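A.B. asks: I would like to see how this sequence folds:
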Amino acid sequence: MSTEMVARGYVREMLWTPEGAPAEHFYRVRGWARDGRGGTRLRRRLRLPAGERPDRTRSGAGLVHDAAQGPLPALRLIENYTRQNWWHHAAWLAEGRLYAENNDVGQSTRALRYAALLDVHDVQALNLLAAISVGQNQLEQACATQRRAIAREPNQPRQYLMLAEILDKMGRTSEAQTARDDATRLKAIVTSPRIAAN
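C.D. replies: As a prediction, the model looks like this:
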């Protein structure tokens, strides 16, 4: 991944993973380090050829791995961890993402459903399940899953916008517009001067 990124002009790579997640050790061994901001970012400087100063940064969400090897090394690491720590939500979520990246929809769906059961307040697994369902053109299932995500985070406008996209694909434009209106209403509440003053 690094040589391709250097060729494209990137200076560093970043990835986001929860502190203490099973993949963190995997990446630290390969030269990644926390960025010092107390967040969930890991950062690695790329080795540049002498005299070159690229000016772009590549960043991504979720687990990042060496593109030449694919997700399998990280997937094996996560699988072993989830077998031993069946209760670890972030590990199941990471496993689901990696299976999805490896185009194994069945295993990805299994892992993400389990992650959704482990943390009844988190919506990441439900959002990913809805996206997988949309990709498979199972729009009714995607809509039902996204409605579950809204039930978990009813005050987040992005959940309504994701539902609106699904409803648009289903041809249910009036419901999609209602979801967009809900998102707009929630954004207005957040930016209200009375709310901001508190």
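A.B. asks: Now stretch 96-111: buried residues?
C.D. replies: Using 16 or more other CB atoms under 10 Å as the test for burial, stretch 96-111 gives 96-101, 104, 107-109, 111. All C-beta atoms are positioned from the backbone trio N, CA, C, and that covers glycine.
A.B. asks: no no, stretch 134-146
C.D. replies: Across stretch 134-146, burial judged by 16+ other CB under 10 Å covers 134, 139, 141-143, 145-146.
A.B. asks: Can you find the helix or strand of this protein with the lowest average pLDDT?
C.D. replies: When the helices and strands of the chain are scored by mean pLDDT, DSSP states H and E, strand 56-59 comes last with a mean of 31.
A.B. asks: just to revisit the earlier point, in helices, which of the buried residues of stretch 96-111 appear?
C.D. replies: For these, the ones inside helices are 96-101, 107-109, 111, with DSSP state H as the criterion.
A.B. asks: Could you find the lowest-pLDDT member of these?
C.D. replies: On pLDDT alone, Glu101 ranks lowest of these, at 83.
A.B. asks: quick one: contacts for that one?
C.D. replies: Taking CB atoms under 8 Å, 6 or more residues apart in numbering as the contact definition, Glu101 lies against Pro71.
A.B. asks: From Leu139, how far off is it?
C.D. replies: Distance from Glu101 to Leu139, counting by CB to CB, to the nearest Å: 23 Å.
A.B. asks: quick one: which of the buried residues of stretch 134-146 sit in helices?
C.D. replies: 134, 139, 141-143, 145-146.
A.B. asks: Now tabulate those residues in a markdown table and tack on pLDDT.
C.D. replies: Listed next are those as a markdown table, based on pLDDT from 0 to 100:
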| residue | pLDDT |
| --- | --- |
| Val134 | 93 |
| Leu139 | 96 |
| Gln141 | 97 |
| Ala142 | 96 |
| Cys143 | 97 |
| Thr145 | 97 |
| Gln146 | 97 |
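A.B. asks: Let me have those residues in CSV, adding distance to Ala115 as columns.
C.D. replies: Supplementary listing: these in CSV, determined by distance: CB to CB, whole Å:
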residue, distance to Ala115
Val134, 18
Leu139, 22
Gln141, 17
Ala142, 17
Cys143, 20
Thr145, 13
Gln146, 16
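A.B. asks: Just the closest of these to Lys187, please.
C.D. replies: Closest approach to Lys187 among those (CB to CB): Gln146, at 18.2 Å.
A.B. asks: hang on, isn't that closest one packed against Arg158?
C.D. replies: No: contact between Gln146 and Arg158 fails when scored by CB atoms under 8 Å: they sit 10.8 Å apart.
A.B. asks: what residues go with each domain of the protein?
C.D. replies: With automatic domain parsing as the criterion, the domains of the chain are listed as 1-95, 120-191.
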